[in-house]
Every structure is written in C-alpha cells, then in structure tokens.
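Chemist: give me a 3D structure for the following:
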Amino acid sequence: NWDEQPTQEHDDGTKTAHAVVTLTDGNDGLRSGLLETVLHYGSDGTSEYAGLIRLETELDGKGGAFTAIGEGKYDGRTASSTMRIVDGTGDLAGISGTVSSSSTQDDYPHMPLVISYDLG
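Modeler: I've put the predicted structure just below:
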C-alpha cells in the first residue's frame, strides 16, 4: 500500500511530499514492513528522496526486525534506492548491511528488495 501526500507545491512545478508504504508478507521471510520517505519532485516528474524502512523478517532461520536509512531517486521510469542497516532486534540484533530496491510501475504492487547482510 502506497500513501503519498504533498506537503508543499510550488509555482515552478516542483513539490515535496511524504509517503508511507506498508509492506506485507512476501512469502520469502518478510512478515511486515513500513517505509517512510520524504520526496522532492522536480518539475519534470523525477524525484529524489530520503527514507527509513523497518522490516520484520526471518533471515537464515533467525527472526527479528531491523531498520535501514538511506536515499533514492526516480528517473521517470525506475525508482531505485540503497539504505544502510542501522539497528536490529531479536535474533537480528547486531545485523549490518544494506537494503536496496529497483522497481518500475510494472512491479506494483510488489516492491522487490535485495537485503545484503551479515549477522555478525
């Protein structure tokens, strides 16, 4: 689920927005997730954004949650981002790594995520 609300709109066609994306079971260990982003849209419809994602998941048979922070961009066709894992809970305490995504509107309602991690 993608819920985006503009926070500022300017005469030159640029705007800022806040989006909240709710992720659900992907049948691949993901239990749930929440992505929050702040976006800046250029007048051409492209954007850059900063965000935070928290995923409740199971990795290598270990359950817990982790948070990642990073940034991304949308070039008018593909949204791509890379986020650095900053915190883990449960069996994922001590996790490090990244979460990256690259997707087009053709992927919707799915959000492909690649998690590169070390459980310490």
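
Chemist: tell me which strands the host helix or strand of residue 8 pairs with, and in which orientation.
Modeler: Taking DSSP states H and E as the criterion, residue 8 maps to strand 2-9. Looking at strand 2-9 with DSSP bridges, its partner strands are strand 15-24 (antiparallel).

Chemist: what about the strand holding residue 8, average pLDDT?
Modeler: Mean pLDDT, strand 2-9: 94.

Chemist: check stretch 45-65 too.
Modeler: pLDDT averaged over stretch 45-65 gives 95.

Chemist: so which bits of it are buried?
Modeler: Of all the residues in stretch 45-65, those buried under the rule 16 or more other C-beta atoms under 10 Å are 47, 49, 51, 53-57, 59, 64-65. C-beta: built from backbone N, CA, C; applies to glycine.

Chemist: just send the residues you listed back as a markdown table, with distance to residue 17 and secondary structure too.
Modeler: As requested, those are exported to a markdown table (distance: C-beta to C-beta, whole Å; DSSP: H, G, I helix; E, B strand; the rest coil):
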| residue | distance to residue 17 | secondary structure |
| --- | --- | --- |
| 47 | 8 | strand |
| 49 | 9 | strand |
| 51 | 12 | strand |
| 53 | 17 | strand |
| 54 | 20 | strand |
| 55 | 22 | strand |
| 56 | 26 | strand |
| 57 | 27 | strand |
| 59 | 31 | strand |
| 64 | 31 | strand |
| 65 | 26 | strand |
